[in-house]
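In: Requesting a structural model of the entry that follows:
(2 chains)
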Amino acid sequence: MNKKKWMRIAIPIISIIIALLIASIIIIWIGEGSFADRLRFLAEAYNELIKGAFGNKTAIMNTIIKMTPLILTGLAVGFGFRAGIFNIGAEGQMAMGALTATIFAVNAASLPTFIAIPLTMIVGMLAGAVWAGIAGFLKAKTGAHEVITTIMLNWIAYNITNWAVTGPFNAGGGIPKSPEIASSAKLPNLLTSQASFMSFGILIAITAAIVIYIILYRTSMGYEVKAVGFNPYAAEYGGINVSKNIILTMAISGALAGLAGTLEATGLYHRFYGTLSSGKGFDGISIALIGQNNPFGILAASLLIGALRTGSNQMQFAGVPKHIVMIIQSIIIFLVAAERIVMSIMGWNKKKGAK
Amino acid sequence: MPFHIPQEEEYKDYAVVMKGIVKQFPKVLANDHVDLYVKRGEIHAIVGENGAGKSTLMNQLYGLYNADSGKILINGKEIGIDNPKDAIAVGIGMVHQHFMLVGPLSVAENIVLGDEPTKRFNVFDLKRAKREVKKISEEYGLKVDVDSKIEDIPVGTQQRVEILKTLYRGADILILDEPTAVLTPQETEELFVVLRNLQNDGKTIIFITHKLNEVIAVSNNVTVMRGGKVTGQIPTKETSSRQLANMMVGREVLLRVEKEKKEAGEKVLEIQGLKVNDNRALPAVKGVSFDIRKGEILGIAGVAGNGQSELEDALTGLRKKEAGTVTFNGVDISTATPRDIREAGMSHIAADRFKYAMIKEFTVAYNIALGRHYMQPFADGGFLNHKKINSISKELIKKFDVRPPEIQLFAENLSGGNQQKMVVAREFDYNPLCMVISQPTRGLDIGAIEFIHSTILELRREDVAILLISMELEEILSLSDRIMVMYEGQIMGEVKPNEVTLEELGLMMAGSTLEQARSEVDE
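Out: Below you'll find the model as predicted:
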């Protein structure tokens, strides 16, 4: 069923409100003393959450740093969804992208910055694209389901990257990490505050969202991707090469995830720690869901989740366990995924009128 | 004897009386003071074009909608039907156009679903379910295998299961919403036998359709609707297809389009020894050869499943050809992709509209662009030209009278007839050299059929070579210049429409050659 446009926006927003309400109840329940005390506790918790996410320059920087990879993995998964492909492998593609980009960047000392940076990104994106492309190729040519193949590829990527940073590509010192990348390949900082810094990776992520938006809504390629996603038979009938589009979609999806890993390596850690992605690839699935697979929705969802996670540390000082944020996030995802719940709460799924 | 409008004291002999039903939808008055009188034990047909308000009326009888005003009397008693439960309680059952069956479950399980016999502790009693289903199936002569899975049985049998479902719930009044839209002619015949049996058992049947020959064949009385109003109530014996058609459409309708004489031009499509496999990799088209010339319509008749759809798919590049050559406009297209073939000038109206010919989640405008979405004027340098897509769509929608004329509407929100018009509009706009047209009027009402038939003849006038595949013999006979009959993947023979009888065609469709058919008819 085609949802109305306003519903696509309204469902995530209402889900967020419901999630915050439920979290409030839990916080009130955790609190001590009279009801008024508990309410004060609740207000303080949310106040700290907001302060922790946006209260000062460092907080804002941290929020942006957290949201940057989420935008890209969210785009990766969301773009796949548009072609009817469930890319669960953003995690592995991100790791492969980061590893390959780091290997390149470590050896890029001789290149000038304006070449080293874009080239590193291209290398990272290519690695992600190839890694995802394997699953795309298998689906297009043999019908192997991408959920299975990308999960398996995740494990292969996990082991390859771990082996690399503990073995041939280890920096020494007994810690699983790669050598530091050449300074010419480090992303310049957009903002700094005391000891922390924030690279301009966020601008690249936002640009990626705009590019994906244009591809999806303005180009013949986006038309084909969506056609394949909605009805592969009709797409083929309309002269669209379904296999090609599946592989292409997978490759673009993987490139986005690879870019997420690359930006983490070149903009944040300046090296590769093997386990760097730490679930951000999987977060992409949640982000894509909350963002309803729309690039701008994904930007907003990344901001929300990034802010919740950053703010949760501060909230802990107020005595509220940071896991409350996990609860909020889970309820949002649950409600967005089971959108009928929201629709029936709002009374939107009444009998349709005319046929 | 004209249709008898019963007086109040006669209502007790009537299974259903609906009086002054009004149903207003946000933008349309779907039912405008509609009266319906259905005598107990009769087969009553309700006919009308798509959107005439037939289904709306029946949905109110079944409690899916509630009427704004008007009253409903069942067996003379006025009752309120708020939901299907109420309807079932007074013995009304409805078989919807789209079946509501669960594919992986068995026939018996589907029939009892929602009203399952149970053992102790509420455990489902499959044995008893099977026994009960068998019993009613034998009682009404509706043969089904209770153990088969729904997804493994043909559509005609699935419909039987739907009918059994209503009988299992004790229905005395059966509503069938366009039951033949999904059936082959043979299955339709079988359905009619079933309906007559049910009538003999005392059931009352309300039958929605827009196929007039069916009305004539099976009903006792007819109610005709147009634009939400009743435009005719008449005993079937007193009327004819033509009269019903005029009442339905509100003007004179050509049941059979007039085709002018025309000499065919040069060869456009040449097929030599074509072999194609079906989905199970078994031979479906077993070496056929034919050609089509400019300005000629070659009709392919045959019972469904004799290789026509495989032929259709192979010619348009959707299915691999195992052997043989296809030459189109002098170029070998035996291994060409659908895009190559479209670019070479062949367009295609697919038999399966929902699976192939449209993307229901796309807007009408995007559906119009399908297949040309990457080329001028629909796109420019890889970017969609939305302005052009919209202006061209608007023009086509107007020209082909797609209603409502809203190009930003999602295709799934159009009625079946209008979806088909949208597909036809797109495929005609290709300015093709050759067109493969399959089941172009399946599920359409006569107004739309007339329109599509005359458009096909318009193409013929413009020298397009046309391959017309259809299960409607009438359609094949009235449009084609030559007719080929396909049986088990082979061509049984070629005839001219004015040199063959329906009977001979029927025998050829059942596997006789033309000579055998002729001699058999002579005897």
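In: And the pLDDT at the residue of the stretch 151-300 of chain B found nearest chain A?
Out: At 10.8 Å from chain A, residue B:177 is the closest residue in the stretch 151-300 of chain B, using CB to the nearest CB. For every residue, glycine as well, the C-beta is placed using N, CA and C. Residue B:177 is assigned 88 on the pLDDT scale.
In: how much space is there between it and residue B:307?
Out: According to CB to CB, to the nearest Å, residue B:177 and residue B:307 sit 31 Å apart.
In: Looking only at neighbour counts, state which of the two leads.
Out: Higher neighbour count among residue B:177 and residue B:307: residue B:307, with 24 against 20, using other CB atoms under 10 Å in any protein chain shown.
In: from memory the more buried one sits against residue B:488, does it?
Out: Yes. Under the criterion of CB atoms under 8 Å, residue B:307 makes contact with residue B:488 at 7.1 Å.
In: Chain A contacts on chain B?
Out: Listed as neighbours of chain A in chain B under the rule CB under 8 Å from any CB of the partner chain: B:25-28, B:30, B:55-56, B:64-65, B:316, B:318, B:337-339, B:342-343, B:348, B:350, B:355-362, B:366, B:369-371, B:373-374, B:379, B:382-384, B:410, B:412-413, B:415.
In: Throw together a ChimeraX command that grabs the buried residues out of those residues.
Out: Those of the residues of chain B next to chain A that count as buried under 16 or more other CB atoms under 10 Å in any protein chain shown are selected in ChimeraX with:
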select /B:25,28,30,55,56,64,65,316,318,338,339,342,348,350,356,357,358,359,360,361,362,366,369,370,371,373,374,379,384,410,413,415
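In: Show the average pLDDT along stretch A:30-42.
Out: Stretch A:30-42 comes out at a mean pLDDT of 88.
In: typo on my end, it should be stretch B:390-402
Out: Mean predicted lDDT for stretch B:390-402 stands at 92.
In: mind listing what's buried in that stretch?
Out: B:390, B:392, B:393, B:394, B:396, B:397, B:400, B:402.
In: hmm, which two among these are most spread apart?
Out: B:390 and B:400 (15.9 Å; CB to CB).
In: ok, back up a step: quick check: the residue of the stretch 151-300 of chain B closest to chain A touching residue B:99?
Out: No. Residue B:177 lies out of contact with residue B:99 (CB under 8 Å); the separation is 10.8 Å.
In: Which neighbours do residue B:307 and residue B:488 have in common?
Out: residue B:286 (CB atoms under 8 Å, 6 or more residues apart in numbering or on different chains).
In: hang on, residue A:48 packs against residue A:319?
Out: No. If you go by CB under 8 Å, residue A:48 and residue A:319 don't touch, sitting 9.4 Å apart.
In: So which of those two has more stuff around it?
Out: Taking neighbours as other CB under 10 Å, residue A:48 and residue A:319 compare with residue A:48 leading, 21 against 14.
In: How about the contacts made by the more buried one?
Out: Applying CB under 8 Å, 6+ apart to residue A:48 gives the contacts A:311, A:314, A:315, A:317, A:318, A:320.
In: Now pLDDT too, for these, in CSV please.
Out: Shown next, in CSV, are these (pLDDT from 0 to 100):
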residue, pLDDT
A:311, 90
A:314, 86
A:315, 86
A:317, 84
A:318, 82
A:320, 84
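In: near chain B, which of these show up?
Out: Of the contacts of residue A:48, not one also sits near chain B (CB under 8 Å from any CB).
In: Are any of the residues you listed buried, and if so which?
Out: Buried, going by 16+ other CB under 10 Å: A:311, A:314, A:315, A:318, A:320, out of these.
In: just checking, residue A:217 is part of a helix?
Out: Yes. Counting by DSSP: H, G, I helix; E, B strand; the rest coil, residue A:217 is located in a helix.
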